[in-house]
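Engineer: Give me a 3D structure for the following:
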Amino acid sequence: VYLGIFMPEKFKTQLFDLRPDLVTPMLGRLFSAWTTVTCVLCLLCARNPTNKAIYTATLSSFVVALAFFIPEIVVYKTVSWKKGLNPLIVASVSTLWMGLGFNYYTRDVPHLKSN
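Structural biologist: Numbering: from 1, shown residues only. Predicted coordinates:
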């Protein structure tokens, strides 16, 4: 987040290493805002995982990350596999884990609490 806002030149090479010429200061700020929103969603979901709306929004944020990074690496070639691997791992594992736990947290746990 810090790099995107205060050091956009470094942000260019830290993530979009294959096409830093396409990264503008505005993209850096937008990426920082997106990352911050995802972090807030994760904190909200950790606090209340049985809230279906929050759980779905958090899961969706990881799906969006995958939908962003996969084309950037494979199609547009703005991010190298080396630089894109960490975000891909986090988004993939989080999507899988949250997808597998969706019914448990949003359906089963609230039902258990009411008994």
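
Engineer: ok, the nearest residue to Cys42 once chain neighbours are set aside - contacts?
Structural biologist: Nearest residue to Cys42, sequence neighbours excluded (C-beta to C-beta, 6 or more residues apart in numbering): Thr58, at 6.0 Å. (C-beta placed from N, C-alpha, C; glycine too.) Residues touching Thr58, when contacts are defined by C-beta atoms under 8 Å, 6 or more residues apart in numbering, comprise 38, 41-42, 44-45, 98.

Engineer: Give me the distance between Ser13 and Gly28.
Structural biologist: One thing to correct before we go on: residue 13 is Thr, not Ser. Between Thr13 and Gly28 the distance is 12 Å, computed by C-beta to C-beta, to the nearest Å.

Engineer: okay, the two: which has more neighbours?
Structural biologist: Under the neighbour definition other C-beta atoms under 10 Å, Thr13 and Gly28 were set side by side, and Gly28 has more, 23 against 12.

Engineer: Quickly find the element holding that one.
Structural biologist: Assigned by DSSP states H and E, Gly28 belongs to helix 25-47.

Engineer: Quick one: the helices in this structure, in order.
Structural biologist: Using DSSP state H, the helices found in the chain span residues 2-6, 8-14, 25-47, 52-74, 81-103, 109-114.

Engineer: buried sites along the third one?
Structural biologist: By that I understand helix 25-47. Of all the residues in helix 25-47, those buried under the rule 16 or more other C-beta atoms under 10 Å are 28-29, 31-32, 34, 38, 41, 44-45.

Engineer: can you redo those residues as CSV with pLDDT?
Structural biologist: Listed next are the buried residues of helix 25-47 as CSV, based on pLDDT from 0 to 100:
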residue, pLDDT
Gly28, 89
Arg29, 90
Phe31, 91
Ser32, 92
Trp34, 93
Thr38, 95
Leu41, 97
Leu44, 97
Cys45, 97
